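Enquirer: Sharing a sequence plus its predicted fold:
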Amino acid sequence: MKKILIPLDFSETSDNAFVYALEIAKLLKAELVLLHTFELPVVDNHAMSFNYATIYDTIELANFEHFKEKLPQLRSIASERKLDHITMNHILVDGDLLNNIKKVVVEENIDLVVMGTNGAEGWFDTFLGTNTGSVITNVEVPVLSVPADAEYQKIETIAFTTRFRPKDIDALHKVLFYAKKFQAQVKCLYVKTSTSDVTSETINRWKSHFEDEENLQFFIIPDEDVQRTIEDFLDNQSADMLAMLTYKRNFFVELFTTSTTQKLSYYLKTPILALHE
């Protein structure tokens, strides 16, 4: 783990995600890449009597000055948490936020994205909502979404949802990597519905595969309401983070676009680590 990308929009929500990024950077011995993006307006130069390039230059300068003014505040947050030794690099660029995230992930060899979310609005709607299939699954690194109301505390318990598919094994290994860095426990949850095709042999094979992992527990809970069961599990197990493997336009999309899980996004203050197939 070398680089963590943190998109910033100068809001309290992104400041809160910045705290998570700092604390995780400390545990992973990583550096932070701070990204601020802004969009230039579409100007019809035929309708303007002056040079529209001047408009762009003015907007770019204003964003640069705003970004420059914000940096001391971020350094102050780091200093208050005694994390001012964390290396921070800065990128200010125009263009679409999500496209720039994907671009920076590749160009800067980013290992993890940490991003603030506002319930079912703003970034949450864009990043975890309608564009999930086309955006999250195209970002090739794990993404940690931090709810606006989440308050950082030591990550002691990570919940991981699984379907006991072969691809989930690699995802669980990634979660265990983070857990060892955090010195946390991993609680692996499978919600077994009446239509489940997962056999006891498969579950036992998984348990055997991970039998040397002392910080891992498996929970098999029979229930038809998958979303509510996950929500109750997070609450009952006092999970500090939920890790999930993104299935393209499938379970993950459903989880974050149904009314049932608005309660999850609004009222549960659990950061969600999205892993990729």
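Expert: Great, that's in hand.
Enquirer: quick one: average confidence on stretch 269-276?
Expert: Averaging pLDDT along stretch 269-276 yields 83.
Enquirer: Buried residues of that stretch, list them for me.
Expert: For stretch 269-276, the buried set under the neighbour-count rule, 16 or more other Cβ atoms under 10 Å, comprises 270-276. No exception for glycine: its C-beta is placed from N, CA and C like everyone else's.
Enquirer: Show me the residues you listed that map onto helices.
Expert: When the buried residues of stretch 269-276 are checked against helices using DSSP state H, none is located there.
Enquirer: Distance to residue 102 added to the residues you listed, as JSON lines?
Expert: Supplementary listing: those in JSON lines, determined by distance: Cβ to Cβ, whole Å:
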{"residue": "270", "distance to residue 102": "25"}
{"residue": "271", "distance to residue 102": "21"}
{"residue": "272", "distance to residue 102": "19"}
{"residue": "273", "distance to residue 102": "18"}
{"residue": "274", "distance to residue 102": "14"}
{"residue": "275", "distance to residue 102": "17"}
{"residue": "276", "distance to residue 102": "12"}
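Enquirer: Can you flag which of the residues you listed belong to strands?
Expert: By the criterion of DSSP state E, membership of the buried residues of stretch 269-276 in strands covers 272-276.
Enquirer: out of these, who's nearest residue 106?
Expert: residue 276 (14.1 Å; Cβ to Cβ).
Enquirer: still on that earlier bit, between the buried residues of stretch 269-276, which sits nearest residue 17?
Expert: residue 271 (8.7 Å).
Enquirer: okay but the closest one is in contact with residue 147, surely?
Expert: Yes - in this structure, residue 271 is within contact of residue 147 by Cβ atoms under 8 Å, at 6.8 Å.
Enquirer: from the ones in strands among the buried residues of stretch 269-276, which single one is nearest residue 24?
Expert: residue 273 (10.2 Å).
Enquirer: that older thread, any chance of the ones in strands among the buried residues of stretch 269-276 in a markdown table, plus distance to residue 5?
Expert: Formatted as a markdown table, those follow (distance: Cβ to Cβ, whole Å):
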| residue | distance to residue 5 |
| --- | --- |
| 272 | 16 |
| 273 | 14 |
| 274 | 14 |
| 275 | 16 |
| 276 | 15 |
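Enquirer: Show me where the stretch 1-150 of the chain has its helices.
Expert: Per DSSP state H, counting those that start in this stretch, the stretch 1-150 of the chain carries helices over the ranges 12-28, 52-80, 97-107, 123-127, 132-135.
Enquirer: helices or strands next to whichever strand or helix holds residue 176 in the packing?
Expert: Per DSSP states H and E: residue 176 is located in helix 166-182. The contact analysis (3 or more Cβ pairs under 8 Å, 6 or more residues apart in numbering; DSSP states H and E) places helix 166-182 against helix 12-28, strand 157-161, strand 185-192, strand 241-246, strand 272-276.
Enquirer: For residue 205, which of the ones you listed is the nearest?
Expert: Nearest of the helices and strands packed on helix 166-182 to residue 205, taken as Cβ to Cβ: strand 185-192 at 13.3 Å.
Enquirer: same for that closest one, what does it pack against?
Expert: Using 3+ Cβ pairs under 8 Å, 6+ apart, strand 185-192 sits against strand 157-161, helix 166-182, strand 216-222, helix 226-236.
Enquirer: Out of those, which gets nearest to residue 196?
Expert: Closest to residue 196 of the helices and strands packed on strand 185-192 is strand 216-222 (Cβ to Cβ; 8.6 Å).
Enquirer: which sections of the stretch 1-150 of the chain are below the confidence cut-off?
Expert: Across the stretch 1-150 of the chain, the ranges flagged by pLDDT under 70 are 1, 38-66, 118-138.
Enquirer: now do 50
Expert: For the stretch 1-150 of the chain, the stretches flagged by pLDDT under 50 are 120-135.
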